[in-house]
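Asker: 3D, please:
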Amino acid sequence: MDYPTNDASARLGTDGKFTDGDALQGIPPSRDGADFMNAVYDEIIAMIVAGAGTPNTTNRTQLRDAILQRINSAMVTRAPTNHTHAASESKVITGIALVASNSIDVVSFSSNILGAVVCFNSTDNLETACGCTWSGNTLSLRNSSGSATNLTYIVVLS
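Answerer: Numbers count the residues shown, from 1 in each chain. As a prediction, this is how the structure comes out:
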């Protein structure tokens, strides 16, 4: 979907977007043509139908419901790939570690790590890198910034 820039009758502003117009400057307001409005409705209705809904002129939450249904069905029906464990066999641990500048900190857990992610928990030093590696039950957190930084980690244990 995009603005109807190929439709002169839509009277878009100079930035290619809809405008309320300006009577003092002789700029008419934009108008939605049937082709554009049909395209908008076709896309919305397609999403509602894809979310197992039936379009209804009085239901004001059907698009939201369809999006949530699509998200929930993707989360429930996606099978893990290249994993030999079931979700019920694992647990998720989160934490924060203060890691000195340009160094690595190690965190150990009671069982083996199946996967991990790490991120800065502030917007400072975003131009620098942080990362993690793991082996067995040990997580190594790397801070490549020029100052000590709190790193947030999420670890899935077996």
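Asker: Give me the residue at the spatial middle of the protein.
Answerer: In the chain, the centroid-proximal residue (C-alpha atoms, centre = their mean) is I71; its distance is 11.4 Å.
Asker: And the host helix or strand of that residue, what does it pack against?
Answerer: If you go by DSSP states H and E, I71 is part of helix 62-77. With contacts taken as 3 or more C-beta pairs under 8 Å, 6 or more residues apart in numbering; DSSP states H and E, helix 62-77 sits against helix 34-50. C-betas here are computed from N, CA, C, even on glycine.
Asker: what's the angle between the helix it packs on and helix 62-77?
Answerer: Helix 34-50 runs at 40 degrees relative to helix 62-77, counting by axes from the mean of the first three to the mean of the last three C-alpha atoms, to 10 degrees.
Asker: so how far is helix 34-50 from its chain's centroid?
Answerer: 23 Å (C-alpha atoms, centre = their mean, to the nearest Å).
Asker: now stretch 131-149
Answerer: Its chain's average C-alpha position is 24 Å from that of stretch 131-149, according to C-alpha atoms, centre = their mean.
Asker: Need the distance between the two termini of that stretch.
Answerer: Terminal residues of stretch 131-149 lie 12 Å apart, using C-alpha to C-alpha, to the nearest Å.
Asker: For it, which residues meet the burial criterion?
Answerer: 132, 134, 139-143, 145, 149 (16 or more other C-beta atoms under 10 Å).
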